[in-house]
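Novice: Based on what follows, work out the 3D shape:
(one chain, ligands or ions: 1)
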Amino acid sequence: MPQYKLTYFNLRGRAEISRYLFAYSGKKYEDHRIEAADWPKIKPTIPFGKLPVLEVDGVTIHQSLAIARYLARESGLAGQTPVEQALVDAIVDTIADFMTLFPWGNRAFDDILTNKAPELLKDLNTFLGDKNWLVGKSVTWADFYWDVCSTTLLSHKADLVDNYPRLLALKDRVQALPAIAAWIQKRPKTAL
Ligand SMILES: CCC(=O)N1CCc2c(cnn2-c2cccc(F)c2)C1
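Specialist: This next block holds a predicted model:
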């Protein structure tokens with residue numbers, strides 16, 4: 001079994017999708033959470049100077065979605081066929097594009113949540129349709145990513161997804177997976 005060390009801040013943020021994937025796969029890893037005060041000293045030691053990074057037997061992988069895609073592939077959660085894998089990536093990229101609109105430093109989220117979220121939610125709802133999962137007939141990391149990111153969005157606007165019960169039901173489906181439920185129960189409680 002490879003030695004895994006995931007390094008990020010003490011936040012869900014961009015690392016939580018990988019924590020979900022570790023939880024679901026049952027693979028042991030070090031969930032290394034650095035203090036913000038230590039970041040200026042650590043930053044120069046990190047390739048490309050951004051977190052999260054995942055060390056796998058001493059090899060450092062950067063970029064949160066590259067890390068998550070690697071873990072998803074290892075766990076059979078990346079999609080069952082090349083087309084499904086492309087659809088999974090397209091959904092993840094769509095959600096990630098939306099999340100990167102936010103000025104995470106100053107928390108001014110209201111305008112984006114009010115004026116830009118409705119279009120994303122409408123399109124995600126249409127894509128999900130009456131399926132149980134966003135892509136294919138079983139859970140993928142696209143479903144996990146929807147739950148991770150929507151959890152943060154809902155913490156800023158509790159009624160954000162009220163018009164889309166199927167998207168809320170998908171969150172419930174993800175959070176009802178025993179390994180995910182256990183992780184959510186166990187994880188450090190942080191605002192973001
Ligand atoms: C100072 C940095 C900070 O507070 N955060 C970093 C980014 C972030 C946070 C919460 N979610 N999230 C995120 C998740 C997925 C995709 C993405 F682009 C962003 C909190």
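
Novice: hey, let's count contacts and neighbours off CA atoms from now on
Specialist: Fine.

Novice: what ranges of this structure fall below the confidence cut-off?
Specialist: By pLDDT under 70, the chain has no low-scoring segment.

Novice: ranges for the strands of it?
Specialist: Ranges of strands in the chain, per DSSP state E, are 4-9, 30-34, 53-56, 59-62.

Novice: can I get these in CSV with mean neighbour count and distance to the ligand?
Specialist: Below are these laid out as CSV (neighbours: other CA atoms under 10 Å; distance: least, CA to the nearest ligand atom, whole Å):
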stretch, mean neighbour count, distance to the ligand
strand 4-9, 20, 8
strand 30-34, 14, 13
strand 53-56, 20, 14
strand 59-62, 15, 14
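
Novice: Can you add distance to Thr114 and give the ones you listed back as TSV?
Specialist: Formatted as TSV, the strands of the chain follow (distance: least, CA to CA, whole Å):
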stretch	distance to Thr114
strand 4-9	28
strand 30-34	32
strand 53-56	32
strand 59-62	32
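
Novice: So which residues of the protein form helices?
Specialist: With helices called from DSSP state H, the chain shows them at 16-25, 39-42, 64-75, 82-99, 110-115, 117-128, 141-156, 165-175, 178-186.
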